[in-house]
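Q: Pasting a predicted model and its sequence here:
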Amino acid sequence: AVIVDKDSGDVHQLNPTANYIWDCFDGHTAIAEVCEQVSDDFNIDLSRAKQDVSQVVNDLKALELLVEYKG
């Protein structure tokens, strides 16, 4: 999957794990729930899932492709 930054025109290609995590961001699902989903669906320890989700979140925030929802 790719994400196109409409402001800069940059195209960012996501690997399958990052794409899965991106698809979980719906504005309603808490990060902790995303970690649990990743852990279950990829059959990995929750601690590893938390690291992976955190890395993807940090990368997307750094690229200004993801903002924290405060709703």
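A: Okay, I see it.

Q: contact partners of the helix ranked longest in the chain?
A: Looking across the chain with DSSP state H, the single longest helix is helix 46-62. Helix 46-62 is contacted by residues 17-18, 21-22, 31, 34-36, 38-39, 42, 44, 66-68 when judged by Cβ atoms under 8 Å, 6 or more residues apart in numbering. (Glycine included, C-beta is placed from N, CA and C.)

Q: Give me the distance between the two termini of stretch 21-40.
A: Stretch 21-40 has an end-to-end distance of 13 Å (criterion: Cα to Cα, to the nearest Å).

Q: In three-state terms, label H12 for me.
A: With DSSP: H, G, I helix; E, B strand; the rest coil as the basis, H12 sits in strand.

Q: residues near the spatially closest residue to it that is not a sequence neighbour, how many?
A: Using Cβ to Cβ, 6 or more residues apart in numbering and skipping the chain neighbours, the partner closest in space to H12 is I3 (4.7 Å). Residues lying near I3 (other Cβ atoms under 10 Å) number 17.

Q: shaky segments in the chain?
A: Confidence mapping of the chain against pLDDT under 70 gives the ranges 71.

Q: The same query, at a cut-off of 90, please.
A: Along the chain, the model assigns pLDDT under 90 to residues 1, 6-7, 25-28, 64-71.

Q: Provide the contact partners of stretch 64-71 at residue level.
A: Contacts of stretch 64-71 (Cβ under 8 Å, 6+ apart): 3, 5, 12, 25, 27, 57, 60-61.
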